[in-house]
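Chemist: Next come a sequence and a model predicted from it.
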Amino acid sequence: MFATPSPDPMLAPPMEFPDFPHTNILDADQFSRKDLEVILEQTGKMEQLEQARRAFGLLEGRILASLFFESSTRTRLSFETAMNRLGGRVISTVGFQFSSISKGETLYDTMKMIEAYADIAVIRHPVEGSSRIASAAVQMPVINAGDGSGQHPTQALLDLYTMFKERGGVDGLRVAFVGDLKFGRTIHSLIKLLQHYDVEMVLISPVDLALPESYRKELRKKNKVFEETEDTKALWDCDVAYVTRIQEERFVDRSEFERLKNSYSINRAFVMASRKSTLIMHPLPRVQELSTDVDDLPNAAYFRMAHYGVLVRMALLTLCLRVPLPPLTPTL
Amino acid sequence: MFATPSPDPMLAPPMEFPDFPHTNILDADQFSRKDLEVILEQTGKMEQLEQARRAFGLLEGRILASLFFESSTRTRLSFETAMNRLGGRVISTVGFQFSSISKGETLYDTMKMIEAYADIAVIRHPVEGSSRIASAAVQMPVINAGDGSGQHPTQALLDLYTMFKERGGVDGLRVAFVGDLKFGRTIHSLIKLLQHYDVEMVLISPVDLALPESYRKELRKKNKVFEETEDTKALWDCDVAYVTRIQEERFVDRSEFERLKNSYSINRAFVMASRKSTLIMHPLPRVQELSTDVDDLPNAAYFRMAHYGVLVRMALLTLCLRVPLPPLTPTL
Amino acid sequence: MFATPSPDPMLAPPMEFPDFPHTNILDADQFSRKDLEVILEQTGKMEQLEQARRAFGLLEGRILASLFFESSTRTRLSFETAMNRLGGRVISTVGFQFSSISKGETLYDTMKMIEAYADIAVIRHPVEGSSRIASAAVQMPVINAGDGSGQHPTQALLDLYTMFKERGGVDGLRVAFVGDLKFGRTIHSLIKLLQHYDVEMVLISPVDLALPESYRKELRKKNKVFEETEDTKALWDCDVAYVTRIQEERFVDRSEFERLKNSYSINRAFVMASRKSTLIMHPLPRVQELSTDVDDLPNAAYFRMAHYGVLVRMALLTLCLRVPLPPLTPTL
């Protein structure tokens, strides 16, 4: 009676780990074009592994500390889902119930403690720059899930992946930004990432909600093509339209809000009039600026973006933890 | 060199999946007698698999979204336990901290997002009908864990399983309902389920807390036998007595509450006077209507019901996700 | 071609379970010297298993109920990390959102319900003695994570392990307690444990914050050597200095607080003047009594204590659940 040897692990193809120099994900400025390509490729692999049900187990035994000093259920659940899909575990806290912080403990000391518990941390904090302070305290990787009016880099990366995935690439795209370009944090981060690509940008907003001059100056400095208009019809010859909520709470003059709100209602008929079957993106939540009758158009990408967000975060968790992926067998 | 074939999966006994037409569990009205039998049988199998430590792993890699817009720790922990016992993972949120909902997001949009994260959702919501709206938004299964004054079907199913398990079947039982039959949501749902069985019901309550006429009309229409009385002694010739809390906050006249409260204190001596060793059920929490000296009587079922609740929810999770169970080897 | 058969599991050395008589961890008084040795040894094994990545899976399929009726994020995350590192699952609740408790449910009934969900419970409660009440209600193990001004035994055990680990043993140590010895709950519990060892204690505090007479009386009764002084320099000839926060909120006279606060600022220069390279411990959070410039001294143990806290809780979870550990191969 013979025992069959199990396959020699030394002969198995080596696990792959890409050239990625970052341990922390803190802001959109930290990435080179090469880094972005690595992240997009890793995210694509995550999608394949997920479909093949092979992602589960990659982070078995690892723990993610999900530290939401400020509530953001959408982002928190996306990260926690990503960790669970990889087989890892999550310890989670929401709000400043940290009694130790109320007793005067610094974020530095809090992070030193968390480092004894977790292998990687995601932090959301109301104060700009907090994630950098948190990251400086510890050896473990830290991912910024939004700090004050500062950065929200994983949102920008999922936006980028959405264009890459749904338009087959980012170079050559003509991208419209529609709505509140003044206060929209997600737009600011995404514009930073797009500067690494050969894209044309069309900035569509009321004058009062125009992109801040500092961003326009940066675009000019890098010789990026962009147009500005108040006419939403300008999105009809764009490949992508990134629509954002006009934030009612920002307006002093309520009648001004009512006027703008109506000028920006993107509905089904309007989208179907597009010459290029424009991909409609939205970071959500939406209110009246994007009609629900758009939802079942094939180019309505915004609900699929929630799925891409999980995949991007899975990719980042594995990259920051330097966990190689199993080689993917090409589909025949 | 010979390879030993691994056991041919085609020759292994097939995994079993019962005939169950529902993807969602929304209300007690949705079930046929056949459906109820499938659920009871699946719950019984869960009990056997749990005892054999074979349930863990059945939902490995699956994620439950536990969405408690209204706090209900008892029900939330029961569902989260059920998912964990099956090896699945849980993402969880309590309350309307959903910043997106406070920004005006609809339940529809929230559910579209959650669908990108989870494989199945449990929802508790203060507004009646919410679980149906939530379910209509998504392809994934949705289970109603209580919505407003509406349904709480999984509570009714665990009540039914308790009778089935502890009395060896449901047909032929004489069942007393004791206490607040007017406002008790759990009683209303359970009465709906019992209409599929050949049971006699004894409704024991003060006149002011009688079962609403709409339910009595339905019972008459279906030719169901029921009696009404104010005398708790009527439970002495019942197989089951389902006792509920008299809700102090419902009374305008406090002296009326005090009078009723005393008339409904079920204690050990009273239970032991029963001619049929009546099974004492209670949905919990209890206050003064059920004395703690009943607790260690063998026919006090209420603490065991918490365990049955987990088993019923394990059964529903596997049924809604259409996950077959491994065949159970009969105990020799 | 021959394959080596995998080792016969029947011939493998038996799993080890030590002689440990406790199912519950309720207070520091419950332990004998022998019990403490078992806990320290089990914690040491946990450290080795963790390093070898062999701890994960020991509690697979088990569920910990993490019941924090009072918020204590540090302790909660430590226990939840411990359970996750062992491969177990956690169901968690924070605060008195237990609607059933607000409806008048007793802790007894709540625990009876939780017992149907979990295999072991950790309880934090604002009322002294709650963990004992909770434990009396159920068969499953209960661990006290702090109840009111009462006990916090797992903190004292991690303090003890810190001395054992970082000083190679506890007998023979000269241990200084510095700061608020009157109200410091952690110090009171630790002093109880140290009575089982041959240690000298140096109590350093302002007169107004001296160790309560009941504790001193107990020390005298057991013939334990201790000195009392207001001079922090007394720690310079100690092996260990356990520093605590002076709690601003306890002082009626604010100028008194300011005076004491300054007298107790332990900084780098002060620590380096020690003759015995005194190990600096602190239960955290710290405020001004311990300067951050101490942090990177090798004898600053306080951040490592967070790690030891996880290991001690892993040890207690396995001991209370009577789960044997795999034998450890001695490192060559």
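Modeler: Yes, it's here.
Chemist: So A:Glu41 sits against A:Pro18, correct?
Modeler: Yes. The pair A:Glu41 / A:Pro18 is scored as a contact, 7.1 Å apart, by Cβ atoms under 8 Å. Yep, even glycine has a C-beta here, placed from its N, CA and C like the rest.
Chemist: Could you check which of the two is surrounded by more residues?
Modeler: Between A:Glu41 and A:Pro18, counted using other Cβ atoms under 10 Å in any protein chain shown, the more crowded position is A:Pro18 (17 against 13).
Chemist: helix, strand or coil for the more buried one?
Modeler: Here A:Pro18 is coil, with the state taken from DSSP: H, G, I helix; E, B strand; the rest coil.
Chemist: how close does it sit to A:Leu319?
Modeler: 7 Å (Cβ to Cβ, to the nearest Å).
Chemist: Next, show the common contact partners of those two.
Modeler: Common neighbours of A:Pro18 and A:Leu319, using Cβ atoms under 8 Å, 6 or more residues apart in numbering or on different chains, are A:Val38, A:Gln42.
Chemist: tell me which element the nearest residue to A:His152 once chain neighbours are set aside falls in.
Modeler: Once flanking residues are discounted, A:His152 sits nearest to A:Gly146: 4.2 Å by Cβ to Cβ, 6 or more residues apart in numbering or on different chains. Secondary structure assignment for A:Gly146, by DSSP states H and E: strand A:142-147.
Chemist: Which elements pack onto that strand?
Modeler: When contacts are defined as 3 or more Cβ pairs under 8 Å, 6 or more residues apart in numbering or on different chains; DSSP states H and E, strand A:142-147 sits against helix A:73-85, strand A:120-125, helix A:130-137, helix A:153-167, helix A:302-320.
Chemist: Need those in a markdown table (columns: mean neighbour count).
Modeler: As requested, these are arranged in a markdown table below (neighbours: other Cβ atoms under 10 Å in any protein chain shown):
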| stretch | mean neighbour count |
| --- | --- |
| helix A:73-85 | 25 |
| strand A:120-125 | 25 |
| helix A:130-137 | 20 |
| helix A:153-167 | 23 |
| helix A:302-320 | 24 |
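Chemist: got a list of what the residue nearest to A:His152 touches?
Modeler: Going by Cβ under 8 Å, 6+ apart, A:Gly146 touches A:Glu70, A:Ser72, A:Thr75, A:Arg124, A:His125, A:His152, A:Gln155, A:Arg185.
Chemist: out of the residues you listed, who's nearest chain B?
Modeler: The closest of the contacts of A:Gly146 to chain B turns out to be A:Ser72 (Cβ to the nearest Cβ; 6.1 Å).
Chemist: A:Ile143 and A:Ile123 touch, don't they?
Modeler: Yes. In terms of Cβ under 8 Å, A:Ile143 counts as a neighbour of A:Ile123; the distance is 7.3 Å.
Chemist: which residues are in contact with both of the two?
Modeler: Taking Cβ under 8 Å, 6+ apart as the contact rule, A:Ile143 and A:Ile123 both touch A:Ser131.
Chemist: Run the contact check for stretch A:41-50 versus chain B.
Modeler: No. If you take Cβ under 8 Å from any Cβ of the partner chain as the test, stretch A:41-50 misses chain B, and the best it gets is 9.9 Å.
Chemist: Mind listing what's buried along that stretch?
Modeler: By 16 or more other Cβ atoms under 10 Å in any protein chain shown, the buried positions in stretch A:41-50 come out as A:Gln42, A:Thr43, A:Gly44, A:Lys45, A:Met46, A:Glu47, A:Leu49, A:Glu50.
Chemist: circling back to that earlier point, tabulate the helices and strands packed on strand A:142-147 (CSV), appending mean pLDDT and distance to B:Gly95.
Modeler: Shown next, in CSV, are those (pLDDT from 0 to 100; distance: least, Cβ to Cβ, whole Å):
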stretch, mean pLDDT, distance to B:Gly95
helix A:73-85, 96, 9
strand A:120-125, 96, 17
helix A:130-137, 96, 24
helix A:153-167, 98, 24
helix A:302-320, 98, 21
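Chemist: What ranges does chain A have for its helices?
Modeler: A:33-51, A:73-85, A:99-102, A:107-117, A:130-137, A:153-167, A:185-194, A:213-221, A:254-263, A:268-272, A:302-320 (DSSP state H).
Chemist: Can you tell me which helices and strands the last one packs against?
Modeler: Put plainly, it is helix A:302-320. Against helix A:302-320 (3+ Cβ pairs under 8 Å, 6+ apart) you get helix A:33-51, helix A:73-85, strand A:142-147, helix A:153-167, strand A:279-281, helix B:107-117.
Chemist: any idea how far it is from the chain center?
Modeler: Computed by Cα atoms, centre = their mean, to the nearest Å, the chain-centroid distance of helix A:302-320 equals 7 Å.
Chemist: And for the fourth one?
Modeler: Going by Cα atoms, centre = their mean, the spacing between the C-alpha centre of helix A:107-117 and its chain's C-alpha centre is 25 Å.
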